[in-house]
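Colleague: sequence? don't have it. structure:
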């Protein structure tokens, strides 16, 4: 939402109006705090909106007598482990200052920092499991990196306290989409700015600055000192550096234009067309040029067509087809691309380690301890490659040492204890050099046997060996052709069920023809449908004998057989 749209939707207020609104909010927050025992959880990201909300709550509670500060206020921050490094460093330092200031001022504030579970982190999902870079149709990151970690914390608060009030810095002026979504939730209003949470029972959402304009947020932050020791001008400088023209005017009143539309998020985010904030930081400040390797990785992930980098099967090993509209009244039936292949997963690992190693040598001293991928994530990626992908060549330690010059120390017990290794993988690769799928099948069969070798009971080994053949025994062309055949067979059966008078022999003929054409990725669906719908003997009801003993000339009246 641009500045002109903000002015049209939210009437401009003078400084006196803003001060009056702040006083109203202060009393409202005090009443909300004192009226019951429901704990408050403030979502704080370190940005301007959440900082303004936390500052409002802090000042309101600070005016209460010590004896009335009877319940905890939880400041909840989530670290996705792929946050913009500048923002992440600022947030971590602020939390330390906040904890000290709360103790010194007698404030009932506790800080909490949540992280995604190691099996759900961005790099474990992308490099370990092979998930493709997030897209609108497969936005796997938000739930795993943000919603689940904070949701677990909120559920624990509800479990111990019964209910909770979530205090958020959401504003209507952020975007038209945000304003429409907030308007839709007004039906759950409990009071002026308090909603029942429709998605989480026993919780409420309090939105103190929902009607504030961006310039009012900045005015408040610039004219009221930060109560936990931060300098809000540093926050303004960060936003200024993330603006393309590097210009943020000094905020002195509500008529001053604002630079507050910059957004900071995950540096790997491919849900936006470009990371404008990081690009601007690098462009505007020579001291931030060390982040260029991060931007390069992000841009390399964000390509229009990544299908050549991905498996032709889904992550569970099956070929699944979808109809692609080609735009000229034709439909192409193609495999749904699956996870990144082994080559590209290893490529992304190498790229991240190279960036981390380079930054630790060239970044400013305060940023040289940066960690782009944690040892726990590396251990989990290695486990997935070995145990789920059956890649017993164990390439992660080798790549790690080649890039960093250091040996990889795995924290998992008995991680180095193995029966198969790179020598065995090299031997099999030489034997199967002409057939990539043969190599994959041999590796899966050997490693499945290896996994059962150490178990006291081998129950289930035959079922797991069967799965190896199901997913890896066919070449790419044969697997895709079989998927087309199964799809056409299903279509034919549905056609017969829909019209029992259909000549079964013609269905057989159509299946045979389409089985031949299935060797290509494109099938003429209209032609197949026409073949299935055509019948030279529609009025005849087929008996069991007709079907069992039918001949190719069953529709010919002159046939005597």
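Modeller: Good, I have the coordinates. Remember, it's a predicted structure, so these values are computed and weren't measured experimentally. Residues are numbered from 1 along each chain as shown.
Colleague: Could you use CA atoms for every contact and neighbour count after this?
Modeller: Will do.
Colleague: Packing partners of the longest helix along the chain?
Modeller: Longest helix of the chain, by residue count under DSSP state H: helix 476-498. If contacts are counted by 3 or more C-alpha pairs under 8 Å, 6 or more residues apart in numbering; DSSP states H and E, helix 476-498 sits against helix 504-517, helix 525-533.
Colleague: Tell me how far it lies from the chain's centre.
Modeller: Taking C-alpha atoms, centre = their mean, to the nearest Å, one finds the center of helix 476-498 at 33 Å from the center of the full chain.
Colleague: Can you list the buried residues in that helix?
Modeller: Of the residues in helix 476-498, 476, 479-485, 487-489, 491-492, 495-496 count as buried by neighbour count, 16 or more other C-alpha atoms under 10 Å.
Colleague: Same question for stretch 143-157.
Modeller: Residues of stretch 143-157 classed as buried by neighbour count (16+ other C-alpha under 10 Å): 144-146, 148-150, 153-155, 157.
Colleague: avg pLDDT for it?
Modeller: If you average the pLDDT over stretch 143-157, you get 94.
Colleague: Now tell me what touches that stretch from outside.
Modeller: Around stretch 143-157, the neighbours that count as contacts under C-alpha atoms under 8 Å, 6 or more residues apart in numbering are 76, 78-80, 114-117, 120-122, 163-164.
Colleague: Which members of the buried residues of helix 476-498 are the farthest-apart pair?
Modeller: 476 and 496 (30.5 Å; C-alpha to C-alpha).
Colleague: which residues of the stretch 251-400 of the chain fall in strands?
Modeller: Chain-ordered strands for the stretch 251-400 of the chain, with DSSP state E, counting those that start in this stretch as the definition, fall at 321-325, 331-335.
Colleague: Adjacent strands (with direction) for the first one?
Modeller: Sheet pairing here is set by DSSP bridges, and for strand 321-325 it gives strand 331-335 (antiparallel).
Colleague: okay, the angle between the strand it pairs with and helix 476-498?
Modeller: Here strand 331-335 runs at 120 degrees with respect to helix 476-498, directions being taken by axes from the mean of the first three to the mean of the last three C-alpha atoms, to 10 degrees.
Colleague: and of the contacts of stretch 143-157, the nearest to residue 217?
Modeller: The shortest gap between residue 217 and any of the contacts of stretch 143-157 belongs to residue 76, at 20.5 Å (C-alpha to C-alpha).
Colleague: and among the strands of the stretch 251-400 of the chain, the most buried is which?
Modeller: Greatest average neighbour count among these goes to strand 331-335 (a mean of 19), per mean count of other C-alpha atoms under 10 Å.
Colleague: For that strand, what does the pLDDT average out to?
Modeller: 88.
Colleague: what's the spacing between it and its chain's center?
Modeller: For strand 331-335, the distance to the chain centre is 26 Å (C-alpha atoms, centre = their mean).
Colleague: same check, this time on stretch 139-150
Modeller: Centroid separation for stretch 139-150 versus its chain: 6 Å, with C-alpha atoms, centre = their mean.
Colleague: so how far does that stretch reach from one end to the other?
Modeller: Separation of the first and last residues of stretch 139-150 by C-alpha to C-alpha, to the nearest Å is 18 Å.
Colleague: Redo the strands of the stretch 251-400 of the chain as a markdown table? Include distance to residue 197.
Modeller: Supplementary listing: those in a markdown table, determined by distance: least, C-alpha to C-alpha, whole Å:
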| stretch | distance to residue 197 |
| --- | --- |
| strand 321-325 | 37 |
| strand 331-335 | 41 |
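Colleague: what's the neighbour count on residue 433?
Modeller: Other residues near residue 433 come to 13 when the count uses other C-alpha atoms under 10 Å.
Colleague: Could you check how far residue 363 is from residue 290?
Modeller: For residue 363, the distance to residue 290 (C-alpha to C-alpha) stands at 5 Å.
Colleague: oh, I was asking about residue 206
Modeller: Counting by C-alpha to C-alpha, the gap from residue 206 to residue 290 is 39 Å.
Colleague: swap in residue 347?
Modeller: Summarising the geometry, the distance separating residue 347 from residue 290, computed by C-alpha to C-alpha, is 21 Å.
Colleague: Between those two, tell me which one has more neighbours.
Modeller: In this view residue 347 and residue 290 are compared by other C-alpha under 10 Å, and residue 290 has more residues nearby, 19 against 13.
Colleague: Enumerate every residue touching the most centrally placed residue in the chain.
Modeller: Nearest to the mean C-alpha position of the chain, by C-alpha atoms, centre = their mean, lies residue 141 at 1.0 Å. Counting by C-alpha under 8 Å, 6+ apart, residue 141 touches 122, 134.
Colleague: 10 Å - rerun?
Modeller: 80, 120-122, 125-126, 131, 133-135, 147, 269, 271 (C-alpha atoms under 10 Å, 6 or more residues apart in numbering).
Colleague: Low-confidence regions, the protein specifically.
Modeller: Where the chain drops to pLDDT under 70, the residues are 1-11, 175-190, 243-263, 500-561.
Colleague: Just the ones of the contacts of residue 141 in helices?
Modeller: residue 122.
Colleague: Quick check: of the contacts of residue 141, which lies closest to residue 351?
Modeller: When the contacts of residue 141 are compared for distance to residue 351 (C-alpha to C-alpha), residue 126 comes out closest, at 12.8 Å.
Colleague: What count of nearby residues applies to the closest one?
Modeller: Here the number of neighbours of residue 126 (other C-alpha under 10 Å) works out to 21.
Colleague: Chain neighbours aside, what residue packs nearest to it?
Modeller: Once its chain neighbours are removed from consideration, residue 126 has its nearest residue in residue 132; the separation is 6.2 Å (C-alpha to C-alpha, 6 or more residues apart in numbering).
Colleague: So that neighbour is in contact with residue 308, correct?
Modeller: No - shown here, residue 132 and residue 308 do not form a contact pair, counting by C-alpha atoms under 10 Å, at 11.6 Å.
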